[in-house]
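**Q** Structural data only, the sequence is not supplied:
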């Protein structure tokens, strides 16, 4: 059965299709209501002054809505109250029953930002009609143009670029902001994927990629339903602030605390989450790995670890050669042996035993038919298990083994090496590094080991320091040693999504490029039953093939290093790791030459057309002024598609108005926190001349096809050798007319019909209810690494398949891997988790800048929202410790210049005793246009990245879309602060 | 004033409040999102210790003294509340003012309703703060009611909510001076006082107030104080773990707070202390009066039970596994009310 061509899931009913809503509303804000009150008081008005209020609480209709494409990590069901054609307010749709009587329910999910989108959608920042720049870039001089003119200009420029330079010189960026799981996100991806354009992968580029989790587990998008947090009796929030960033989930923590769970918060400052904890641990900025290793030291030295767990679930029994520091491999021992066979020491028989179920290296990206091998190996993969089957591996001791050449070599299990490493992290030494008292470190170790279910919330915020990977590896080590994972209420919680497979295959429509035999395997990705479930590694291999051979995903940081001038700061040796002898430059060169990191256009060729949808690169990327200086001049055309004017839109050539969240239909990010897919119906037609992104994608495809045909354009090849035809791009986009502009709801039904997680649900039902309960996790995929089953009446928890079912992890060793014997890691001293001081990225200055996502905005989307600003200080502000401020003559409310060798910005100062001395906190996502000279807080962010993260083709360390790549590192730059007169 | 037959009350759990201001926005979007009301936040969450809104309201007088005599009060200004800044959006986005045009609040901010967010008091690492949601206390003896020469403020007979009749109000603002909580605002466009209406259109239909029903932290319990099956009654009258703010103001406030228990304070060496709490007891007493001691004692004793793995009815109440139970009998879904 060909998964891509199946139509049976496409339920297309005329009634389900939304009325095409492209009529022009003109450019005025809709007039306020002047008609008599309707709603609950229509029949019985108070008859006096109270009717003012009765009328305010009245409505013509209620529409099920949500905040599509907000990139917030919650998915919340809302009711939208519409009066006289205007969305007047919103209130939560409280539809969630308890999972079971022992668990609190999810009601009412939402936050203050969602509660005033009805205000924000009519805000002055809305773009009303297509705008074309008429002054220099950034001047704010615009001319109103028609959609027709805008589409033609873009289409012709794309065709010119493809003809003259190659399709990869057209670059599309959806950031992380422009992602829900509905047709609008797919529409954007789809048109550019079909043309062979470069697609920016911003996951690591925004600093959200937990590399340490990937290094250790080979996967990272893991959490469960948030009611599973209530199953924990020991909750640690570490390098994060869930009271800001998980507003609808946080009650499960406060309620677990009331149930008797101990809540621990680890952060330098007493933040909004810390103050809800029982114990606050306050390490010095950037020393979290040392704290974790101190805890691990106590666990190991007091033998609090769970031997059976680490023998089976980790690489700690794997043997390492004392001479080379590398794993003992079959190729070392046996003539013709595999490079990817590893050994344990059989304690009973006192001899080598091959480690069962190892995963070895990934599919290599050579000749394309390798994709077939991946599909064929399905069966072999399925029976892999890490079960020891009677083998009792030694985790201590040293042994001598004979190599194939007759020589002997000493080998030791990883735990022995780890013990040596941990010996240097005795609590007293860790105190010198972190400032945390040894008694606290011991207490943490003992309590975690004794807990029934300990979890660590360590999410996207914990990925933004230079050495974040080491923080994560240390934290995972603590959990692995104590067996605190793969059971309800336990484990590392990062965040995950239910798989909406139909969205992925609609976005990256590559089926026509694949060898026919590979096509059925796409269907398997949609979530096979557990009896034939492919291993996580197999799925990762397939995703690697699909996203590396059939589409031009390019990781942002290497791309900026190549095209955006990031080499000027990230390449400075002083901002890097002094313990790693190789330069970033040499690693980048090697990585790109070996195609470990795909960068398109390849070095030496410039990007020419840059189209970004929803995102705001000049706010998000490090040192935006340098981006404008280096990248911007290379670009012939810059297009911003967004409902609102952003700092990046202000620097674009064309600005296209996208419809707001209540003006279109769709589904929201399918976060695993709730066992539902949340839907948004359309409350009002798109405002002004805005259009939904599905329609923009379709219309752009249509215009490109028309112009290509008129201009006699020939099919072209992308740099991977895939052939694309601009003459057919609209036909492909619409699946030969099945889903055109104005027919996003047909695309929605395609998505639902191809998603096992919600299979059987029709869009017409879903939009009416506002949510549908998921039926299946949807299987291991790009965004879903839960590795746990969804079962009615139970909360979902991660790593169930591995711990309970003994399925292999997608790491090289198929286990939680704490030893990485890649030559670069050995050279850098990071084969094992370790602590390293954060680099002085910015120069020698006494303070360090930290931050976190703000409670006030999802990225910059609500940064200009009037209610939100009025509940802050109306302008960018940073938090400083009271003593640090006093020493600089700064008082609360003063303005200060924050600077280092890279750049500077001016902000108001909030003086607080809750901030650690030496720390300056600037929360996320102020728009550069809110700062003097539009010099925003990213201007001081040098963002050096770890050269180690450029490594590839080692076990699980390789790049595929949204996977192992170097990160943006906005946390921890050094800086100084001085008082200035005004903002 | 005739005694109302029943009294509504609210319990706000400061251990569950995360300062997200969803309550604040719920209220703003329901009632005060119009001209003349921009600076009004009938419900607001501030970080305490702090001066709050209006700035220094606890020193502004009003209410009643120990003998029950009205205390004189200060009339808070817009600047003290914090004005609603306006922003030069069009100038920055569309008017071609050049590449450095900056979005700025006007007037220059000097105070706002949430000015002291996440700052607090004490010294690192023993700083402390928590969130204090504030709204009209719908007092049993409202000082505002007694101060109004036009009898524009009344206590609703059936539920005791304190309502300002906007038709009768003549904008004298004596109520604003008299209210010791400074929860009444002046509308310069309509020249009247305006305040929390305890969402009477909603409550009249069995729907909990917006600030309660929309609280994602599940920090608010709502109901009649005499409803023996209701959570408010149990928390206030039975367990006595919820205490009113500044009872010494003499107005008999009906918004109650479960006092906060913050992480342990650290000793000079950085070890957690068990002898003193992070939030000084004197500070909590200054907010909630001496009854807070007993409330904390009961709360901590019951908490210790669940920490030992035992079940506690009080902890179950505070958890409220079924969200609807927090609102009964005002748990009607507004989306299901016939229009």
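**A** Sure thing, it's come through. In this text, all values refer to a predicted model and were calculated from it rather than measured experimentally. Residues are numbered from 1 along each chain as shown, chains lettered A, B, ... in the order given.
**Q** alpha carbons only for contacts and neighbour counts from here, please
**A** Fine.
**Q** Tell me the residues of the stretch 151-300 of chain B that contact chain A?
**A** For the stretch 151-300 of chain B, the contact set with chain A under C-alpha under 8 Å from any C-alpha of the partner chain comprises B:165-167, B:201-202, B:213-218, B:261-264, B:269-272.
**Q** can you pull out the strands in the stretch 1-150 of chain B?
**A** Assigned by DSSP state E, counting those that start in this stretch, the stretch 1-150 of chain B shows strands spanning B:8-13, B:44-48, B:86-87, B:105-106, B:130-134.
**Q** Redo the ones you listed as CSV? Include mean pLDDT and distance to residue A:362.
**A** Formatted as CSV, the strands of the stretch 1-150 of chain B follow (pLDDT from 0 to 100; distance: least, C-alpha to C-alpha, whole Å):
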stretch, mean pLDDT, distance to residue A:362
strand B:8-13, 98, 52
strand B:44-48, 98, 52
strand B:86-87, 98, 54
strand B:105-106, 98, 54
strand B:130-134, 98, 50
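**Q** between these, which gets nearest to chain A?
**A** Comparing the strands of the stretch 1-150 of chain B against chain A with C-alpha to the nearest C-alpha, the closest turns out to be strand B:105-106 (5.7 Å).
**Q** How much space separates residue B:139 from residue A:248?
**A** Applying C-alpha to C-alpha, to the nearest Å, the value for residue B:139 to residue A:248 is 31 Å.
**Q** which of these two has more neighbours?
**A** residue A:248 (27 against 23; other C-alpha atoms under 10 Å in any protein chain shown).
**Q** phi, psi of that one?
**A** Dihedral angles of residue A:248 (phi, psi; degrees, to the nearest 10) stand at phi -70, psi -10.
**Q** and it, what is it in contact with?
**A** A:74, A:106, A:108, A:109, A:110, A:111, B:216, B:217 (C-alpha atoms under 8 Å, 6 or more residues apart in numbering or on different chains).
**Q** what does the longest strand anywhere in chain A rub up against?
**A** Determined from DSSP state E, the single longest strand within chain A is strand A:904-912. Contacts to strand A:904-912, defined as C-alpha under 8 Å, 6+ apart, come from residues A:875-882, A:885, A:890-899, A:931-932, A:935-937, A:939-940, A:983, B:118-121.
**Q** is it true that residue A:352 touches residue A:341?
**A** No. Applying C-alpha atoms under 8 Å as the test, residue A:352 and residue A:341 come out as separate, 11.9 Å apart.
**Q** Can you pick out the residue with more neighbours from those two?
**A** Higher neighbour count among residue A:352 and residue A:341: residue A:341, with 22 against 18, using other C-alpha under 10 Å.
**Q** Contacts only, for the residue of the stretch 651-800 of chain A found nearest chain B.
**A** Closest residue of the stretch 651-800 of chain A to chain B, C-alpha to the nearest C-alpha: residue A:651 (8.5 Å). For residue A:651, the contact set (C-alpha under 8 Å, 6+ apart) comprises A:137, A:138, A:139.
**Q** circling back to that earlier point, put together JSON lines for the contacts of residue A:248, with secondary structure and pLDDT on each row.
**A** Converted to JSON lines, the contacts of residue A:248 look like this (DSSP: H, G, I helix; E, B strand; the rest coil; pLDDT from 0 to 100):
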{"residue": "A:74", "secondary structure": "coil", "pLDDT": "91"}
{"residue": "A:106", "secondary structure": "coil", "pLDDT": "98"}
{"residue": "A:108", "secondary structure": "coil", "pLDDT": "98"}
{"residue": "A:109", "secondary structure": "coil", "pLDDT": "97"}
{"residue": "A:110", "secondary structure": "coil", "pLDDT": "97"}
{"residue": "A:111", "secondary structure": "coil", "pLDDT": "98"}
{"residue": "B:216", "secondary structure": "coil", "pLDDT": "98"}
{"residue": "B:217", "secondary structure": "coil", "pLDDT": "98"}
